[in-house]
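Peer 1: Here is the input, now give the coordinates:
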Amino acid sequence: MPSAPIIRPARADELDALLRIHRLAFGEEEEAILVRRLLVDSTAQPCVSLVALVEGELAGHVLFTRAALVGEDETRIALLAPLAVAPPAQKQGIGGALTQAGIAVLRAQGVELVFVLGHPSYYPRHGFVPAGELGFEAPYPIPAKDAGAWMVQALWTGLIGKVRGRVVPAKALRRPEYWRE
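Peer 2: Numbers count the residues shown, from 1 in each chain. Predicted coordinates:
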């Protein structure tokens, strides 16, 4: 049985390796291109970029970037996108460990809400709930059949129900094609 993953901040010299993880996990180049763009996008900063190591090898990566909530200048929010685990390391809890570690870092930084457009059966296991029914609009309309894929997690109690609005992501994520589940 593999050892528990070690989660730590990604280093600049690991960029090629973590982009490779995204290519392998998604079977295409799109997410790797997005990660590269987000890491240099000043509107995405500060970002939280974490890697998972299993037996000394990079096995996963998660990226959380800054976002804004229209009309709520004081509310600090982040967007989880993307999360990737190399196929041989999937279904071992690495994605969840990366997600939880990132949320802990964001909480320590004072971030209040984290959003994700992702698989509606995966992210609720890590504390996410449907965002649309709570008054949070995605940057672009989400088709009704995929409404459950737009999710939020409050990192502080009492915030849900007090704030609402449309999420504005970093410039690199302001493309409608990124908002289709």
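Peer 1: contacts and neighbour counts: CA atoms only from here.
Peer 2: Noted.
Peer 1: Check which residues of whichever helix in the chain runs longest are buried.
Peer 2: What stands out as the longest helix in the chain, according to DSSP state H, is helix 94-108. Residues of helix 94-108 classed as buried: Ile94, Gly95, Gly96, Ala97, Leu98, Thr99, Ala101, Gly102, Ile103, Leu106, Arg107 (neighbour count, 16 or more other CA atoms under 10 Å).
Peer 1: Need the residues you listed in CSV (columns: pLDDT and distance to Gly60).
Peer 2: CSV is the format used below for these (pLDDT from 0 to 100; distance: CA to CA, whole Å):
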residue, pLDDT, distance to Gly60
Ile94, 97, 7
Gly95, 97, 7
Gly96, 96, 10
Ala97, 97, 10
Leu98, 98, 8
Thr99, 98, 11
Ala101, 98, 12
Gly102, 98, 13
Ile103, 98, 16
Leu106, 98, 18
Arg107, 97, 21
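Peer 1: nearest to Ala4, of those residues?
Peer 2: Ile94 (8.4 Å; CA to CA).
Peer 1: isn't the closest one right up against Leu50?
Peer 2: No - using CA atoms under 8 Å, Ile94 makes no contact with Leu50, being 11.4 Å away.
Peer 1: what two of the buried residues of helix 94-108 are the furthest from one another?
Peer 2: Most distant of these, by CA to CA, are Ile94 and Arg107, 19.9 Å apart.
Peer 1: Can you spell out which helices and strands pack onto the strand ranked longest in the chain?
Peer 2: If you go by DSSP state E, the chain has its longest strand at strand 57-69. Applying 3 or more CA pairs under 8 Å, 6 or more residues apart in numbering; DSSP states H and E, we find strand 57-69 packed against helix 15-26, strand 48-54, strand 77-85, helix 94-108, strand 165-168.
Peer 1: Quick one: closest of those to Leu117.
Peer 2: strand 77-85 (7.8 Å).
Peer 1: Please enumerate residues in contact with the closest one?
Peer 2: Residues outside strand 77-85 that contact it (CA atoms under 8 Å, 6 or more residues apart in numbering) are 21-22, 25-26, 31, 35, 59-69, 94-95, 99, 111-117, 169.
Peer 1: Please repeat the previous calculation with a cut-off of 6 Å.
Peer 2: 22, 25, 59-67, 111-116 (CA atoms under 6 Å, 6 or more residues apart in numbering).
Peer 1: same thing with stretch 55-70?
Peer 2: Against stretch 55-70 from outside (CA under 6 Å, 6+ apart): 44-45, 47-53, 77-86, 165-170.
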